[in-house]
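K.L.:
whatever this is, show me its structure:
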Amino acid sequence: MSKVYNSVTELIGGTPLLKANNFIKANDLKANVFVKLEYFNPAGSVKDRIAKAMIEQAEKDGKLKPGATIIEPTSGNTGIGLASVAAARGYKAILTMPETMSVERRNLLKAYGAKIVLTDGSKGMKGAIAKAEELAKETPNSFIPEQFANPANPAAHEATTGPEIYNDLDGKVDAFIAGVGTGGTLSGVGHYLKKQNKDIRVVAVEPATSPVLSKGQAGPHKIQGIGAGFVPETLDTKVYDEVIAVANEDAFKYGRQFSHVEGVLIGISSGAALAAAIELAKRPEFEGKNIVALLPDTGDRYLSTELFAE
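P.N.:
The predicted structure is shown next:
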């Protein structure tokens, strides 16, 4: 059988599941913690999946015409995924993002040939969304995928990420943990897993200083990629069983620790997912159970942040 691929989009998905043995030992956990390593996607994050899905759906629906410009508000990873897929498909890309996002993320977007428009950091993702809408009005033949409202986002995870996790563990999944940015990953994977077994515990992760899901309060935080400051349309709030709020410091701490003990460089939101995994794993009812945490991206796009500050 041929092993040759014809486009970078064919390489998206099928990411590995790793049992975090050293991490389990370092934190004296009695549960089995598995991590879904999404940085194995070609543009380095879980968002490659939705970039491909949203663009393919728009092409099918006739919303994306040859030579079009894709405009999208992003905290980084969706923009990077879209820039990659857009380049492969021959589209231009303009990404709006808060100025508070890491310099590595900005440079990666430029490296894929995308144009970046930075917005006021204090306005968070809402500011980036407003700017994208403004640009779309003045840019002919443009299209906004709208990751925070596009049903192709959670659908991509229900079709791919969920089945991959379930099949890799032969159905023996007791809990699934994911940070909430658009909520697409949690909703899509959560739906798939609950259809297989309604007793699988689905856990949403949000920043402690922006507890929109648990307390209805938005605020500034340092966990790039999650905690958009509002409840997105792409999040099904009925799919998760609980919300774990994670402090900035714990996201940094466990992101660093994982890199040190497992030899796997991961990002800040991955550290947040691991902090939640530890909280769950320390509960007596999870002894011997299988907990899966989705780790969205790699640490190399956060080298300039507190994650790796000594």
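
K.L.:
what about residue 13, which helix or strand?
P.N.:
If you go by DSSP states H and E, residue 13 is not part of any helix or strand.

K.L.:
so how far is the host helix or strand of residue 132 off the chain centroid?
P.N.:
Assigned by DSSP H and E, residue 132 belongs to helix 124-138. Relative to the chain's own centre, helix 124-138 is displaced by 21 Å; criterion: C-alpha atoms, centre = their mean, to the nearest Å.

K.L.:
ok, now stretch 302-310?
P.N.:
Distance of stretch 302-310 from its chain centroid, counting by C-alpha atoms, centre = their mean, is 19 Å.

K.L.:
what residues of the helix or strand in which residue 23 is found count as buried?
P.N.:
Per DSSP H and E: residue 23 is located in helix 21-26. Neighbour-count burial for helix 21-26, counted by 16 or more other C-beta atoms under 10 Å, picks out 23-24. Heads up, the C-betas are built off the backbone N, CA and C, glycines and all.

K.L.:
average pLDDT for that helix?
P.N.:
Averaging the model's pLDDT scores along helix 21-26 yields 99.

K.L.:
quick revisit: tell me which other helices or strands the helix or strand following the helix holding residue 132 touches.
P.N.:
As assigned by DSSP H and E, the chain's next helix or strand after helix 124-138 is strand 142-143. Strand 142-143 sits against strand 69-73, helix 124-138, with contacts defined as 3 or more C-beta pairs under 8 Å, 6 or more residues apart in numbering; DSSP states H and E.

K.L.:
send me the first one as PDB with only the CA atoms.
P.N.:
Okay, so that is strand 69-73. Output in PDB follows, covering the C-alpha atoms of strand 69-73 (Å, rounded to 0.1, in the frame of the first residue of the first chain):
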ATOM      1  CA  THR A  69      -8.900  35.700   1.600                       C
ATOM      2  CA  ILE A  70      -9.600  33.800   4.900                       C
ATOM      3  CA  ILE A  71      -9.900  36.200   7.900                       C
ATOM      4  CA  GLU A  72     -10.100  34.800  11.400                       C
ATOM      5  CA  PRO A  73      -9.700  36.000  15.000                       C
END
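
K.L.:
strand partners of that strand, parallel vs antiparallel please.
P.N.:
Applying DSSP bridges, strand 69-73 is found paired with strand 92-98 (parallel), strand 142-143 (parallel).
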